[in-house]
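Colleague: Need coordinates for the below:
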Amino acid sequence: MKRSTSALFISLLLSPLCVFAQAGALDAVLARTDAALAADFYRAAQQMPAFGVPPPVSISDERYSDTPAADYLPLNKRAVYEYEYTSSEFTGVKTIRIEFMEYSEAARTAQVNMIIFNKTKPKVSNFVMTAGPDGIRSSDSPIAGPRLELPFPLAYNQVWNEGSDRNRVAALNAKVAVPAGVYNGCLKITSKLGGGDAGSAERYYAPGVGLVYEQIAAEDSQQTIKLTAYQLK
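Modeller: Okay, the predicted model is just below:
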């Protein structure tokens, strides 16, 4: 009978409720308990797996945002963007001017004009951005070429592949400073070029504005654009 009582007592002490007991208070109780029973408890406790209570989940600014996905890259606004463009492939700073032209509500498509100003002859090109079920796709971009600008539905830590590049939604409420100002609540996308073997890239989209910063650090070159001016037409 005494052994049965001991086993019951130890079982209760090792129950989940014991997790919340203060060690000092428990030692005080065992000091007033039968010595054989207390010894049985300590032996049983030593065989229990060690564990800790995890910290509470923090709803951090990096993970959550109330901004609708399309607001990070609004296609239906007639706007002009100007960026400073630096690269390891040339000296000095170039200017990139991007203008959002016509928008088709039916096709959810925006016509975009891009000019890269050189010291000699500017390079002019036109491309299209389209909002579809899988996200906003662009037939070109300032320094990265055609790509999925952002995925739908948009979620923190979402990943997708384009060729050998692996992209990830790294933040939904990030902060970035560029010559045009400081932007909060930005979408941040990071990329591992060639799966990480060919370099990395990151880009930021500000709510209601669009692309404000992008950097590509490849094996053989580094390119960066920073928004210097933004104007709604």
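Colleague: so how far is the first residue of stretch 147-155 from its last?
Modeller: From its first residue to its last, stretch 147-155 covers 18 Å (C-alpha to C-alpha, to the nearest Å).
Colleague: buried ones in it?
Modeller: Neighbour counts over stretch 147-155 (16 or more other C-beta atoms under 10 Å) mark 147-151, 154 as buried. For glycine as for every other residue, the C-beta is placed from the backbone atoms N, C-alpha and C.
Colleague: how distant is that stretch from the center of its chain?
Modeller: The chain centroid and the centroid of stretch 147-155 are separated by 12 Å under C-alpha atoms, centre = their mean, to the nearest Å.
Colleague: Next, the residues that contact it from outside, please.
Modeller: Contact with stretch 147-155 is made by 69, 72-73, 129, 131-138, 141, 158, 160, 162, 167, 169, 172, 187, 189, 205, 211, as judged by C-beta atoms under 8 Å, 6 or more residues apart in numbering.
Colleague: just stretch 203-215 next, same as before
Modeller: Residues outside stretch 203-215 that contact it (C-beta under 8 Å, 6+ apart): 67, 71-74, 79, 81, 141-144, 149-150, 174, 176, 178, 180, 183, 185-189, 201-202, 222-227, 230.
Colleague: Can you tell me which of the residues you listed end up in strands?
Modeller: Judged by DSSP state E, the subset of the contacts of stretch 203-215 located in strands is 79, 81, 149-150, 174, 176, 178, 183, 185-189, 201-202, 222-227, 230.
Colleague: Could I have the buried ones of the residues you listed as ChimeraX selection syntax?
Modeller: Buried members of these can be picked out in ChimeraX with the line below, counting by 16+ other C-beta under 10 Å:
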select :79,81,149,150,174,176,178,183,185,186,187,188,189,201,202,223,224,225,226,227,230
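Colleague: Report the secondary structure state of the closest residue to residue 105 other than its chain neighbours.
Modeller: Distances taken as C-beta to C-beta, 6 or more residues apart in numbering place residue 76 nearest to residue 105, at 7.4 Å, with adjacent residues excluded. Of the three states, residue 76 takes coil under DSSP: H, G, I helix; E, B strand; the rest coil.
Colleague: who's in contact with residue 65?
Modeller: By C-beta under 8 Å, 6+ apart, the contact set of residue 65 is 172-173, 185, 187.
Colleague: What is the nearest of those residues to residue 118?
Modeller: Comparing the contacts of residue 65 against residue 118 with C-beta to C-beta places residue 187 closest, at 30.5 Å.
Colleague: The closest one pairs with what?
Modeller: Taking DSSP bridges as the rule, residue 187 bridges to residue 205.
Colleague: For this protein, which segments are assigned as strands?
Modeller: 79-87, 94-104, 109-117, 123-132, 135-138, 147-151, 159-162, 165-178, 181-193, 199-206, 210-218, 222-232.
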